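Peer 1: Structure for this input, please:
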Amino acid sequence: MIDLREQFKAAGFEIIDGRAVPGSIGVKKYGYVLYLEPQADQQWVALGPPYFQIRGLDCELEDRGYQKFWRHGDTRFPIRKTDLQTLHRFDEEAREILRLRSLYNESLGSTCARTVYDRLEGRPDR
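Peer 2: Next up is the predicted model:
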């Protein structure tokens, strides 16, 4: 069986060092990165949603109800239509290599790391 790293490389992904988790890797393509952690059963699981890298910063997708943003700390960048289309392509390619199912609700749109609607009050932010 082909090593997962080799499968990602063959599909045009760049392999980078993972974040704080020992043994983890990042797979990068189109300016997006997904961090993966190895499990005892030889499977790899995502450590979270994909990030968009802007000037070396990992930015997560935030939904504010009226618009989606890339967010890093307290800094936000409005997302463009092409960013979202590329994110979907990146996510589908990574899921195919990882042999993960594409769920209906995820195929309709993007799963955001944060959802913050302006009409919600009293709900703690992550």
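
Peer 1: so how many other residues sit close to residue 68?
Peer 2: Per other C-beta atoms under 10 Å, the neighbour tally for residue 68 reads 21. The C-beta positions use only the backbone N, C-alpha and C, and glycine is treated the same way.

Peer 1: what about it, distance to residue 60?
Peer 2: Here the criterion is C-beta to C-beta, to the nearest Å. By it, residue 68 lies 11 Å from residue 60.

Peer 1: same deal with residue 69?
Peer 2: The separation that residue 69 has from residue 60, given C-beta to C-beta, amounts to 9 Å.

Peer 1: separation between residue 82 and residue 30?
Peer 2: Counting by C-beta to C-beta, the gap from residue 82 to residue 30 is 10 Å.

Peer 1: And those two? Which one has more around it.
Peer 2: residue 30 (16 against 8).

Peer 1: Show the contacting residues for that one.
Peer 2: Applying C-beta atoms under 8 Å, 6 or more residues apart in numbering to residue 30 gives the contacts 86, 89, 90.

Peer 1: Could you look up the SS state of residue 89?
Peer 2: Under DSSP: H, G, I helix; E, B strand; the rest coil, the three-state class of residue 89 is helix.
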